[in-house]
Every structure is written in structure tokens, then in C-alpha cells.
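Asks: predicted model, plus sequence, below.
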Amino acid sequence: MPKVLREKNISQQREAFRQGINFKKKYGQHILSNPLIIKSIINKAAIKSTDVVLEVGSGTGNLTVKLLENAKKVIAYEIDGRMVSELEKRVMGTPMQAKLKIISGDVIDDESELPVFDLCIANVPYQISSQLVFKLLEHRPMFRCAVLMFQKEFADTLMAQPGEKNYSRLSVNAQLLAKVDKLLNVGKNNFTPPPKVESCVVRIEPKNPQPNINFQEWNGLTRLLFSRKNRTLSAIFKLTSNLKLINENYEVYCSHNNIPIPDNFNIKEKVDDILTMHKIAEMRARTMDADDFIRVLTAFNKEGIHFFSEK
């Protein structure tokens, strides 16, 4: 039997043994069981022997073991205590044991800072995909890159370009902060148990330096514009609810900066003047890239108008 097939059969036998564990749907537990896919992920991550690798959702450790073989240290988050025990048994008494640190808990709900790491490599539980991406991108010091397995639909949205059907706030927010590339598609039969959807491995490389913007304001602006992404900016800013919010923010800005507001001040006229002056009135969120959003945010900020996210 060829070596590749023999390794695959051994892996499948191990997984069959572990079927005594009832996988929990609420944790999104789908164990990556194909050694060829694991090997491809390891190769594409270009792990250095000096690297500290962060893994989220280590499960029974199929990927973890291969990470330990290549990295200086692996820090693995795992929410399920049964999986933690399985992984500990797997490395016990081996040289890998000293290189592994397991953090038992929820990486998203954990209020403490993430540990310092060079790479993040993980088969991500689908329900935390968006939260994890932005928790990683907010982390300092910046890491070199992340190689992450996502649900294919999520990955496609993450990489979507302006004008494409699935282009969204997720797309532009991620692309503001990082370069995102697809590495490979992964079929559902490569997992135990198989998920109902196809998966995709992507590479996320944080931009260095990061853009010099207030991300809270950026969030407020993108939420506002993507709420009606097919409409022009002019139409969106004419809405009474949006004008009211902008006016409130403007009053707060003027108060903090001791700027008097004229008695005849009209927020709608001010907004119209900004849209016209900067030639952005006819732009639409669905076709705007990150640079376009920065241009809009800068235009309004110069006139003392700011945006604040509700979440």
C-alpha cells in the first residue's frame, strides 16, 4: 500500500476509535481528518522552527500534532473539556508535550488579551468566524499571518470585491485591515462528522502599517452605508433618522471643541455641501472599496461630522 494511503487509513482508524465522543453541534465540532489536507495547510502556512502558533478549536489534535512537529510552540484554545483531555493524552510522554500550551475556554468570551504569537492556524468553528477574524486583527503586536479554515460562504464574503453580490461590511472591514487570499477549497467529506457545507482555507495577512483611522467611526460609517448598499450616498444621507443622528454627533463635536453653532444652522444643507464639494454624492456602498470609504470618512471629518457605531 502506498505511504499516502496508509497514512490516511491510519488517520481514519484513529478517528473511528474516537467516535465514542459525541460531537456537540453548539461548538461547531467537525474534526479535520484527511492528513493530505492537514499537510497542505502546514505547507502553505510556511511555519518556521522559531514560530509560536495560535490554534483555535484544537479538537482531538489532528492539526495540533502537525503544528507541534514544525513550530517552536503551539498555544491551543479548546472550549470542550473532553477534547482537551483527548489532546493531552495524545501528546503525553512525547517531546511535543513541552511545546504545547492548552487554554481551556472560549477564545471569544475570554476578556483577557490573546497571547503573543507569530501565526494563527486553525479549523475555525463556523459560528465564531467573524468575531475571531476581527479579534485577531485587533491584536497587538501584529502577527505575521493567519491560515484559517472557514465555511466557504463566509470565506467568499470575506474575499468579495466591490460590485460582487456578496460584497458586504465584512468584506470591506476585513480588506481595510488585511490582505485576504484563498488557498484551497475543502470538501465536507474531509471532516468527522461531515458538515453540511463546503469549506475553504484562506490566508489573512495584516497590513503593516495599519490604516490611521478611528475604527469605531469606520464601523459607524460602514454600518450606515451598507444598510442600503444599493442606494446613493445622497439618498442615504437624506433619510430623517440618519440626519438626526449626524446632527446629534455634530452638536457633541462642537460642544467638546467650543465651536459655536449658528442659529440658522441646517444639518441637511451641510451634508449636501460636503457630498457635492467632494463629488461623492452618487457613490454607492456596493461598489466602494476601502479607499473610497476612507475618502468619504475623511471628507465628513474635516467638516466636524463624525460617525459612531451603535455596537
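Replies: Alright, I've got the coordinates.
Asks: which stretches of the stretch 1-150 of the chain have low pLDDT?
Replies: Low-confidence segments of the stretch 1-150 of the chain (pLDDT under 70): 1-29.
Asks: for it, what spans make up the helices?
Replies: 3-17, 35-45, 62-70, 81-91, 129-138 (DSSP state H, counting those that start in this stretch).
Asks: how about CSV for those helices, with mean neighbour count and distance to residue 281 added?
Replies: Quick note: C-beta positions are derived from backbone N, CA and C, even for glycine. Converted to CSV, the helices of the stretch 1-150 of the chain look like this (neighbours: other CB atoms under 10 Å; distance: least, CB to CB, whole Å):
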stretch, mean neighbour count, distance to residue 281
helix 3-17, 12, 58
helix 35-45, 17, 44
helix 62-70, 21, 50
helix 81-91, 17, 54
helix 129-138, 18, 30
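Asks: adding distance to residue 259 as columns, could you present the ones you listed in JSON lines?
Replies: As requested, those are exported to JSON lines (distance: least, CB to CB, whole Å):
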{"stretch": "helix 3-17", "distance to residue 259": "65"}
{"stretch": "helix 35-45", "distance to residue 259": "51"}
{"stretch": "helix 62-70", "distance to residue 259": "55"}
{"stretch": "helix 81-91", "distance to residue 259": "56"}
{"stretch": "helix 129-138", "distance to residue 259": "32"}
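Asks: what's the closest of these to residue 181?
Replies: With CB to CB as the criterion, residue 181 lies closest to helix 35-45 of the helices of the stretch 1-150 of the chain, at 10.0 Å.
Asks: show me what the closest one is packed up against.
Replies: Using 3 or more CB pairs under 8 Å, 6 or more residues apart in numbering; DSSP states H and E, the elements in contact with helix 35-45 are helix 3-17, helix 62-70, strand 119-123, strand 145-151, strand 178-186, strand 199-206.
Asks: how about those, which one is nearest residue 52?
Replies: Nearest of the helices and strands packed on helix 35-45 to residue 52, taken as CB to CB: strand 119-123 at 7.8 Å.
Asks: for the closest one, packing partners?
Replies: Contacts defined by 3+ CB pairs under 8 Å, 6+ apart place strand 119-123 against helix 35-45, strand 52-56, helix 62-70, strand 145-151.
Asks: partner strands of that strand, with direction?
Replies: Sheet pairing here is set by DSSP bridges, and for strand 119-123 it gives strand 52-56 (parallel), strand 145-151 (parallel).
Asks: what about dumping the CA coordinates of the longest one to PDB?
Replies: What follows is strand 145-151 as a C-alpha-only set of coordinates in PDB (Å, rounded to 0.1, in the frame of the first residue of the first chain):
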ATOM      1  CA  CYS A 145      -0.400  35.800   9.000                       C
ATOM      2  CA  ALA A 146      -3.300  33.500   9.700                       C
ATOM      3  CA  VAL A 147      -4.200  30.400   7.800                       C
ATOM      4  CA  LEU A 148      -7.800  29.600   8.700                       C
ATOM      5  CA  MET A 149     -10.500  27.100   7.600                       C
ATOM      6  CA  PHE A 150     -13.900  28.700   7.200                       C
ATOM      7  CA  GLN A 151     -17.300  27.800   5.800                       C
END
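Asks: for the helices and strands packed on strand 119-123, could you give me CSV that also reports distance to residue 254?
Replies: Shown next, in CSV, are the helices and strands packed on strand 119-123 (distance: least, CB to CB, whole Å):
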stretch, distance to residue 254
helix 35-45, 50
strand 52-56, 44
helix 62-70, 53
strand 145-151, 42
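Asks: of these, which is nearest residue 79?
Replies: Closest to residue 79 of these, according to CB to CB: strand 52-56, at 9.5 Å.
Asks: what angle do helix 62-70 and that closest one make with each other?
Replies: 180 degrees (axes from the mean of the first three to the mean of the last three CA atoms, to 10 degrees).
Asks: which among the helices and strands packed on strand 119-123 is found nearest to residue 132?
Replies: Shortest distance between residue 132 and the helices and strands packed on strand 119-123, using CB to CB, is found for strand 52-56: 6.2 Å.
Asks: what would the strands paired with strand 119-123 look like in TSV with distance to residue 223 and mean neighbour count?
Replies: Listed next are those as TSV, based on distance: least, CB to CB, whole Å; neighbours: other CB atoms under 10 Å:
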stretch	distance to residue 223	mean neighbour count
strand 52-56	26	25
strand 145-151	22	23
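Asks: with distance to residue 193 added, can I get the ones you listed in CSV?
Replies: Converted to CSV, the strands paired with strand 119-123 look like this (distance: least, CB to CB, whole Å):
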stretch, distance to residue 193
strand 52-56, 20
strand 145-151, 15
